[in-house]
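1. Got a sequence here, can you build the structure:
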Amino acid sequence: MDLIDRGVTVKQYSNTIEGADISEDDLIGGVELVSSGVGELTRLQNEGYAYIKP
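-> Numbering: from 1, shown residues only. Coordinates of the predicted model:
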């Protein structure tokens, strides 16, 4: 069983795949496409998540 089947959310930034000449169809099933990393981090922080810099 893979992580997506176990409920892990996997997100890919659309601006990154555009720069790498990859299409949404190239992604594995279950990957959610979001517009940008900074925007997604901001959205999640507004929902109460915390970003911890390694």
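2. so Gln12, which of the three states?
-> strand (DSSP: H, G, I helix; E, B strand; the rest coil).
3. now do the one 10 residues further on
-> Secondary structure assignment for Ile22 (three-state DSSP): coil.
4. Look up how far Ile28 lies from it.
-> Ile22 sits 12 Å away from Ile28, going by C-beta to C-beta, to the nearest Å. The way it works is simple: take the backbone N, C-alpha and C, and place the C-beta from them, glycine included.
5. Comparing the two, which residue is more hemmed in?
-> Ile22 (13 against 9; other C-beta atoms under 10 Å).
6. Phi and psi next, for that one.
-> phi -110, psi 140 (degrees, to the nearest 10).
7. Please save the CA atoms from the helix or strand containing Thr16 in CSV.
-> Following DSSP states H and E, one finds Thr16 within helix 14-19. What follows is helix 14-19 as a C-alpha-only set of coordinates in CSV (Å, rounded to 0.1, in the frame of the first residue of the first chain):
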residue,chain,number,x,y,z
SER,A,14,2.2,23.8,-11.0
ASN,A,15,4.8,26.5,-11.6
THR,A,16,7.5,23.9,-11.0
ILE,A,17,6.2,21.4,-13.5
GLU,A,18,5.7,24.1,-16.1
GLY,A,19,9.3,25.1,-15.8
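8. Which strands and helices lie in contact with the helix or strand following that helix?
-> Counting by DSSP H and E, the element after helix 14-19 in chain order, helix or strand, is strand 31-34. Here strand 31-34 touches strand 10-13, helix 14-19, going by 3 or more C-beta pairs under 8 Å, 6 or more residues apart in numbering; DSSP states H and E.
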